[in-house]
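In: With the sequence up front, the predicted model follows.
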Amino acid sequence: MSSQRQFSYRKKYCYRSQREEQHDVVIKRCFQCDQALGDGPAYSVDGCTYHAKHFACCACRQPIEPTQTFQVLDQDKICCSPCFGGHYAPKCSSCGKGIVDMCVKISRKELYHQDCFVCSRCHHPLTTNDVLPDGEGGYMDNECYWASRLHKFVLTNKQKALMDYAGS
């Protein structure tokens, strides 16, 4: 799983493993193109530094600006938040869209956006403290759950009473 990051202007760099030809200095290099960074703007993430023009999303190839949030995926790939939500993020069990922010975790396979985790009967937001299964794959709050159970109980007993009456 990846984690959301903001830009960091740390002094960590990816270096070439060998010394530069005829020099006893290590030259800072772009992780993407392996060229010297020079004096232009550069961004550093997780110990690797990039030219500003090479700091781009692995999915849409658009440059990532200093004001944007992004994800660092496996194998040092960087992904903008919109692409991460569409391609890589875990999907909400209700709406099917990617979850990039806070979520409600019911089980390992059941994740919901906070706005999508609502009572299947009254559609009010749920918390994990007052959740009961609705019997159809969704969840209800306590009040709706017990009202639903009472309604089913009344219908069942009404049918039994009618059948008993018709049978006599």
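Out: Yep, that arrived. For clarity, every value in this text was computed on a predicted model and none was experimentally measured.
In: What is the least confident helix or strand in this structure?
Out: The helix or strand of the chain with the poorest confidence is strand 4-5; it has a mean of 48 (mean pLDDT, DSSP states H and E).
In: Thought Cys116 was touching Ser94, still the case?
Out: Yes. Using CB atoms under 8 Å, Ser94 is in contact with Cys116, at 3.8 Å. Backbone N, C-alpha and C define where each C-beta goes, glycine included.
In: where exactly do the helices run in this protein?
Out: If DSSP state H is used as the criterion, the helices of the chain fall at 81-83, 142-167.
In: a markdown table for these, including mean neighbour count, mean pLDDT and distance to Leu126?
Out: Formatted as a markdown table, the helices of the chain follow (neighbours: other CB atoms under 10 Å; pLDDT from 0 to 100; distance: least, CB to CB, whole Å):
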| stretch | mean neighbour count | mean pLDDT | distance to Leu126 |
| --- | --- | --- | --- |
| helix 81-83 | 19 | 89 | 26 |
| helix 142-167 | 11 | 79 | 10 |
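In: Let me see the domain layout of the protein.
Out: 4-88, 103-167 (automatic domain parsing).
In: Out of those domains, which gets the lowest mean score?
Out: In terms of average pLDDT, domain 4-88 trails the rest of these, at a mean of 74.
In: And it, how far out from the chain middle?
Out: A distance of 22 Å separates the centroid of the chain from that of domain 4-88, by CA atoms, centre = their mean, to the nearest Å.
In: Same question for stretch 116-136.
Out: Taking mean C-alpha positions (CA atoms, centre = their mean), stretch 116-136 and its chain are 21 Å apart.
In: Now that stretch: buried residues?
Out: Neighbour-count burial for stretch 116-136, counted by 16 or more other CB atoms under 10 Å, picks out Cys116, Phe117, Val118, Cys119, Ser120, Arg121, Leu126, Val131, Leu132.
In: Likewise for stretch 73-89?
Out: Buried residues in stretch 73-89 (16+ other CB under 10 Å): Leu73, Ile78, Cys79, Cys80, Ser81, Pro82, Cys83, Phe84, Gly85, Tyr88, Ala89.
In: Let me have the residues you listed in TSV, extended by distance to Ala147.
Out: Shown next, in TSV, are the buried residues of stretch 73-89 (distance: CB to CB, whole Å):
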residue	distance to Ala147
Leu73	46
Ile78	50
Cys79	45
Cys80	45
Ser81	40
Pro82	41
Cys83	43
Phe84	40
Gly85	36
Tyr88	40
Ala89	35
